[in-house]
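Q: All I have is the shape, not the residue letters:
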């Protein structure tokens, strides 16, 4: 009884994770500029892969597989947002500006750019 419930729960988690991953892929293809594409890929992609790894940990009855899935989940949750932030900042400093959809450019207003000298 409990094993079947775990399988159904893991199946739901895999389906929801696949939907988030699809939304991330669709956002990467359809969104207008680098920053919105990066946001879609880092946020929705992280949730999609995280749910899939948690589903694997849920249905696996091997301790080493559960440990690796949980370590992978923690790795995704820690590295994806940080790397997206660093890539966005580096591209901004390199001169790639957002589209006109952005109303406020906080980085330019704060003087957070390095000098061009």
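A: Everything's here; your move. Remember, predicted model here, so these are calculated numbers, not experimental data.
Q: which other helices and strands contact the helix or strand containing residue 72?
A: Assigned by DSSP states H and E, residue 72 falls within helix 63-93. The contact analysis (3 or more C-beta pairs under 8 Å, 6 or more residues apart in numbering; DSSP states H and E) places helix 63-93 against helix 34-59. All C-beta atoms are positioned from the backbone trio N, CA, C, and that covers glycine.
Q: now the angle between helix 34-59 and the helix holding residue 72, please.
A: Counting by axes from the mean of the first three to the mean of the last three C-alpha atoms, to 10 degrees, helix 63-93 lies at 170 degrees to helix 34-59.
Q: Show me how far helix 63-93 is from its chain's centre.
A: 8 Å (C-alpha atoms, centre = their mean, to the nearest Å).
Q: neighbours around residue 29, how many?
A: 9 (other C-beta atoms under 10 Å).
Q: quick one: contacts for the nearest residue to residue 66 once chain neighbours are set aside?
A: Excluding its sequence neighbours, the residue lying closest to residue 66 (C-beta to C-beta, 6 or more residues apart in numbering) is residue 57, at 4.7 Å. Shown in contact with residue 57 (C-beta atoms under 8 Å, 6 or more residues apart in numbering): 65-66, 69-70, 73.
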